[in-house]
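# make a model of this:
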Amino acid sequence: MIRLTFRQMEYFEALAQLRHFGRAAGFVGVTQPALSSQIAEMEDRLGARLFERGARSVELTPEGADLRPKIEAILNQARDLEAAALQDAAPMQGRFRLGIIPTVAPYLLPDLLPRLKLLYPRLSLELRETITEVLLEETALGKLDAAIVATPVERQGIDVEPLFEDPFLLAVSDAELGKTAPPVAPQSRVLERLMLLEEGHCMRDQALAICGEVKPVAIANFAATSLTTLTQMVAHGLGVTLVPQIARDVMASIPGVHLVPFAGSPPSRTVALARRRGAARRAECAALAETIRDIAGSAGGEPPGDQRPHRAQS
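Numbering: from 1, shown residues only. This next block holds a predicted model:
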C-alpha cells in the first residue's frame, strides 16, 4: 500500500501552486532541501515523476496534474475537520487564515489586528495579501478560511458578506487643485490624467467604470502596484488617481496631495468578506465581519458627500 504523509501532501500543494522550490519552502516554513527531499520521497513512493525541474521554475507533469485535485480534496477535508473541531471547542481560537487585498490591508489592519488580539487572545491569525483572483482561488480551495475583497465577486462556491461601503476621492497635486474645483464631475477632463494600479487589481476596473465617457490617456504611461506609489506620483504632478476613503488619512498626509470629493452621490466600492460555501468556521467569519464593521463605522469621520478637499490634520 502506498502511504503519503499529510506533510508531503502539503508540500506538494505548495510547490504545485508556487512552481518554485525556494518560494514553496518559505510558504510552508521549511528549508528548501527539506521540501525537495519530501517531494522526492513522494515521487519514489508513487513510482512517478510529479514535477519537471527547470532552471528557474518547476512544472507539473501529467501525473502530477492528475494527482493535484485529489490531494487538494484530501487537504480541504482535513482542514474542515480541524476547523470544525476548533469551532465545537470554542469560537475564535486556533489558526485562522485570512486573505486581504492590497488596497485594503495597509489601512484596515492597523486597527483590526490589535482589536482581534484584545477580543480573541487565543486566535492565531495568518495573513495573506495579494490580488482578488488569487485570494478567491485559495479560498475556494480551502487554503484560506476567508478573504477581504471588493465586490463584485463572481466565483462559484464562494459566499460573500458585505462589510462596508468605501467611497472614492480624487487625489490631485497642489498645481492641479487650482484647476479642479470640487466637487469633481464624472465627466471632468481631469480624469484624462488618471493613473491606475496594474492589471489584476480590482480597483483598476472600478476606476475605469467611474471614468464614464472620459478616456484616461495616462494609463499607457503610468501604472503601479500600490496606492502609496500612485499617490506619490500624483504629488509630483504626473497625473491624478483614485483613493478609497479607508486610505484617506494616510494618503492626504503625503505633502503636495489633496483629496477632492466627487459630485453627487460619490462612486464607491463595497468591501466584503468571502468564504467557501459549506466550509466550517461560520462563527469566526461572523465575528470577524462584526469587528470589521465596527472599525469601519468608528473611522467614518466625514460624511462621504463632504464637498471640501481633505488634508489630514497634523
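# so what touches the helix or strand harbouring residue 115?
Applying DSSP states H and E as the criterion places residue 115 in helix 105-119. If you take CB atoms under 8 Å, 6 or more residues apart in numbering as the criterion, helix 105-119 is touched by 92, 100, 123, 125, 127, 129, 148, 227-228, 244, 246-247, 250, 288, 291-292, 294-295, 299. Quick note: C-beta positions are derived from backbone N, CA and C, even for glycine.
# how about that helix: buried residues?
Residues 105, 106, 107, 108, 109, 111, 112, 116 are the ones in helix 105-119 that count as buried (16 or more other CB atoms under 10 Å).
# now swap in stretch 167-179 and tell me
Buried residues in stretch 167-179 (16+ other CB under 10 Å): 167, 168, 169, 170, 171, 172, 173, 176.
# which one of those residues is nearest to residue 272?
residue 167 (15.5 Å; CB to CB).
# residues in contact with residue 2?
45, 46.
# quick check: it vs residue 30, distance?
Using CB to CB, to the nearest Å, we find residue 2 at a distance of 23 Å from residue 30.
# and the strands in the stretch 51-200 of the chain?
Using DSSP state E, counting those that start in this stretch, the strands found in the stretch 51-200 of the chain span residues 51-53, 58-60, 94-100, 123-129, 146-150, 158-173, 196-197.
# give me the contact list for the first one.
What it means is strand 51-53. 15, 39, 43, 58, 59, 60, 61, 64.
# list the helices and strands the longest helix belonging to the chain packs on?
Ranked by number of residues, the top helix in the chain under DSSP state H is helix 62-89. Of the remaining helices and strands, those touching helix 62-89 by 3 or more CB pairs under 8 Å, 6 or more residues apart in numbering; DSSP states H and E are helix 6-18, helix 282-299.
# got the angle between that helix and helix 282-299?
Following axes from the mean of the first three to the mean of the last three CA atoms, to 10 degrees, one obtains 80 degrees for the angle between helix 62-89 and helix 282-299.
# got the end-to-end distance for stretch 142-159?
Using CA to CA, to the nearest Å, the end-to-end distance of stretch 142-159 comes to 13 Å.
# er, stretch 47-57 I mean
For stretch 47-57, the end-to-end distance is 22 Å (CA to CA).
# tell me the buried residues in that stretch?
In stretch 47-57, counting by 16+ other CB under 10 Å, buried: 50, 51.
# the helix holding residue 115 to strand 94-100, inter-axis angle?
Using the same axes, to 10 degrees: helix 105-119 against strand 94-100 is 160 degrees.
# off-centre distance for helix 105-119?
On the basis of CA atoms, centre = their mean, to the nearest Å, helix 105-119 sits 15 Å off its chain's mean C-alpha point.
# show the average pLDDT along that helix.
Averaging pLDDT along helix 105-119 gives 94.
# next: stretch 193-203.
Stretch 193-203 comes out at a mean pLDDT of 75.
# and that stretch, how far from the chain's centre?
So, by CA atoms, centre = their mean, the centroid of stretch 193-203 is 14 Å from its chain's centroid.
# got the helices and strands packed on helix 62-89 as TSV, with distance to residue 142 columns?
Output for the helices and strands packed on helix 62-89, formatted as TSV (distance: least, CB to CB, whole Å):
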stretch	distance to residue 142
helix 6-18	10
helix 282-299	14
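# so which of these is the most surrounded?
With neighbours defined as mean count of other CB atoms under 10 Å, these peak in mean count at helix 6-18, which reaches a mean of 19.
# ok, now which ones touch residue 183?
With CB under 8 Å, 6+ apart, residue 183 has these contacts: 260, 261, 262, 263, 264, 307.
# from the residues you listed, list just the buried residues.
The buried subset of the contacts of residue 183 - by 16+ other CB under 10 Å - is 260, 261, 262.
# among these, name the ones in helices.
Among those, no member falls in helices (DSSP H).
# farthest pair in the buried residues of stretch 167-179?
167 and 173 (21.0 Å).
# would you list the buried entries among the contacts of strand 51-53?
Applying 16+ other CB under 10 Å to the contacts of strand 51-53 flags 15, 39, 43, 58, 60, 64 as buried.
# please report how far the fifth one lies from residue 137.
Summarising the geometry, the distance separating residue 60 from residue 137, computed by CB to CB, is 16 Å.
# and what of the fourth one?
Relative to residue 137, residue 58 is positioned 19 Å away (CB to CB).
# so what's the spatially most central residue of the chain up against?
Centroid check for the chain by CA atoms, centre = their mean gives residue 101 as the closest residue, at 1.7 Å. Contacts here follow CB under 8 Å, 6+ apart; on that basis residue 101 touches 129, 130, 131, 132, 135, 147, 148, 149, 150, 201, 202.
# ok, back up a step: out of the buried residues of helix 105-119, which comes closest to residue 47?
residue 105 (43.7 Å).
# ok, so what distance separates the closest one from residue 289?
17 Å.
# same question for residue 225.
28 Å.
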